[in-house]
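Sequence first, predicted coordinates after that:
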Amino acid sequence: MTLTPPFLPPELKASIAADCFDHDKAILGSLSQVSREWRFPAQAFLLRKICIPIIKIQTLQEALLLPCSSLSVYITEIGVYGDRDFSENNQVSTSQLVALATILPNLRCLALYGEVRIIVDKDVYKSRSPLTLALTGILTDIQSLTVLLSHFSGGSQLMLDGVMLSNPASNMADIPSPPLEPEDFLALKRVYFGMLLKHMSCTVSLSCLYDQLLGLFPHTLSSFGMAIDLSYERGVVRMNDFLRTKARHLKDLQLDFATPITIFGEDLWDFIDDGMDTMDHGFGRIPTSWRAVSLSESCPALQVLTIAITVKKEFQHACSSAILYWRFALQMVASSPRTIKSIRIGLYVDKVSGADPEFEDMSYKDCTMNGVDWRKWDEVLGGFEHLEELVFFRMEHRRRDQRHYEPMISHNPVPEGFIQEMRAIVGEGSSISLWQLVRFA
């Protein structure tokens, strides 16, 4: 007796495939081989997001262009990464990226990360492919960067982080760069603007480039993240100017004070005694140049505030200048609108040398956080009646062997021993209702 499998409508098959995608991709792979009826709903999720090494781009393009291939319609996100260095093996041209986007009709996100070098071709493209563009840990020149931003503008998301700029090749130096206009970026809703760097003898002015790119972003953004170098006065001014003019609709703000990890001095009092002007608005003394805008005035719709801060091992119970970053962060928190729902604090352990401890080996009692005035934090946070959570998460900057490119999220948990010490010390001095809001990620 032959059993006839029950008929399942396409919507139910898609729902089953989606559930496998969320919980067990190995099962999803097996599901794609059950029958022709199951192959297509399974492939739609298997191929939704793919990551390939840069040396396989040409192979992928050839496979997608085969007459019998029907895979290109499933791919909505593609990540291209390099493995070791910025050598020619990890090099891709703007024309290759444009060609790849052209043969993927449903592509929505293009991510390049991990020691990828991008070079411009002689062709400058006037057409556009509106995509989410994520560039992390890449080496490129200003012409190539401009071509990428111009061609792929029109998407809803943009991320630039750890982009290192070099001078263009001598035979490409005269290639005109397409103009970048604010009108091309009106569809943006989420932007993360991390660090821009210069490679060796690059002549590009990073300060001018920062200002130019920030000027392109619309005032209708709902999410914005930015790395700010507090040791550079222009960094604070740039942050303030942007928040004053383009943050009225922000619901999610991410401020990374930990990416530039150069702290002023090892000892806080040595730093103050050097004669730098300081001020105290009730949160402890900080440099006068760190005069931040009021978030309640500039970001009245804000619901989620994320701040990444440096944590150092404090030798011999001294207080390093890393504490200044915590004071500045509290000043930003205190100025937030009363309707804020979530405050997230990213903890970045500053490792200056290999002898410095890993997070797993660091004691809460001997780190910067033990010098934080948690009673003042308790007092400030008590004024946010709609606050639902205070989250501490572990922040690690991208290493060369990491292929992820999403910043300001937890990739590894805060060590349990650190959590227990913090609960015992901070929780004892905080209000019960406030400590119940604390989460660790």
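The structure has been received and is ready for your questions. Numbers count the residues shown, from 1 in each chain.

what's near enough to touch the nearest residue to residue 370 once chain neighbours are set aside?
With sequence-adjacent residues excluded and distances taken as C-beta to C-beta, 6 or more residues apart in numbering, residue 370 is closest to residue 364, at 5.9 Å. For glycine as for every other residue, the C-beta is placed from the backbone atoms N, C-alpha and C. By C-beta atoms under 8 Å, 6 or more residues apart in numbering, the residues touching residue 364 are 370, 418, 421, 422, 425.

Which pLDDT value goes with the second one?
By that I understand residue 418. pLDDT for residue 418: 91.

contacting residues around stretch 428-441?
Here stretch 428-441 makes contact (C-beta under 8 Å, 6+ apart) with 374-375, 377-378, 381-382, 387-394, 410, 413-414, 419, 426-427.

Let's test this: mean pLDDT of the helix or strand hosting residue 20, rounded?
Assessed by DSSP states H and E, residue 20 sits inside helix 10-23. For helix 10-23, the mean per-residue pLDDT is 76.

Give the other helices and strands that that helix contacts.
Applying 3 or more C-beta pairs under 8 Å, 6 or more residues apart in numbering; DSSP states H and E, one finds that helix 10-23 contacts helix 25-31, helix 36-46.

and the angle for it with helix 36-46?
With axes from the mean of the first three to the mean of the last three C-alpha atoms, to 10 degrees applied, the angle from helix 10-23 to helix 36-46 works out at 40 degrees.

Mind listing what's buried along helix 10-23?
Neighbour counts over helix 10-23 (16 or more other C-beta atoms under 10 Å) mark 13, 14, 16, 17, 20, 21 as buried.

Test my guess that the second one contacts residue 40.
No: using C-beta atoms under 8 Å, residue 14 is not in contact with residue 40; the gap is 9.3 Å.

circling back: between all of the buried residues of helix 10-23, which two are separated the most?
Greatest spacing in the buried residues of helix 10-23, by C-beta to C-beta: 13 and 21 (12.5 Å).

list residues touching both of these two?
Joint contacts of residue 13 and residue 21 (C-beta under 8 Å, 6+ apart) do not exist.

residues contacting residue 370?
By C-beta under 8 Å, 6+ apart, the residues touching residue 370 are 314, 364, 425.

With pLDDT and secondary structure as added columns, please give these in a markdown table.
What follows is these, written out as a markdown table (pLDDT from 0 to 100; DSSP: H, G, I helix; E, B strand; the rest coil):
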| residue | pLDDT | secondary structure |
| --- | --- | --- |
| 314 | 77 | coil |
| 364 | 88 | helix |
| 425 | 83 | helix |
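
Helix or strand with the lowest mean pLDDT in this protein?
Lowest on mean pLDDT, DSSP states H and E among the helices and strands of the chain sits helix 268-273, with a mean of 55.

After it, heading C-terminal, what element do we hit next?
Next helix or strand after helix 268-273 toward the C-terminus (DSSP H and E): strand 278-279.

hmm, who's touching that next one?
If you take C-beta under 8 Å, 6+ apart as the criterion, strand 278-279 is touched by 272, 285, 286, 287, 288, 291.

tell me what the helix or strand immediately after that strand in the chain is packed against?
Following strand 278-279 in sequence order, the next helix or strand is strand 286-287 (DSSP H and E). Judged by 3+ C-beta pairs under 8 Å, 6+ apart, strand 286-287 is in contact with strand 278-279, helix 323-334.

from the chain's centre, how far out does the last one sit?
The gap between the average C-alpha position of helix 323-334 and the chain average comes to 21 Å, counting by C-alpha atoms, centre = their mean, to the nearest Å.

helices and strands around it, which ones?
Packing contacts for helix 323-334, counted by 3+ C-beta pairs under 8 Å, 6+ apart, involve helix 268-273, strand 286-287, strand 304-311, helix 374-381.

who does the second one pair up with?
Sheet pairing for strand 286-287, assigned by DSSP bridges, gives strand 278-279 (antiparallel).

How far does the partner strand sit from its chain's centre?
Distance, stretch centre to chain centre, for strand 278-279: 31 Å (C-alpha atoms, centre = their mean).

Can you give me the neighbour number for residue 201?
Residues lying near residue 201 (other C-beta atoms under 10 Å) number 7.

got a list of what the nearest residue in space to it that is not next to it in sequence touches?
Take residue 201 and drop its neighbours on the chain: the residue closest to it by C-beta to C-beta, 6+ apart is residue 167, 6.6 Å away. Taking C-beta under 8 Å, 6+ apart, we find residue 167 in contact with 141, 173, 201, 202, 203, 204.
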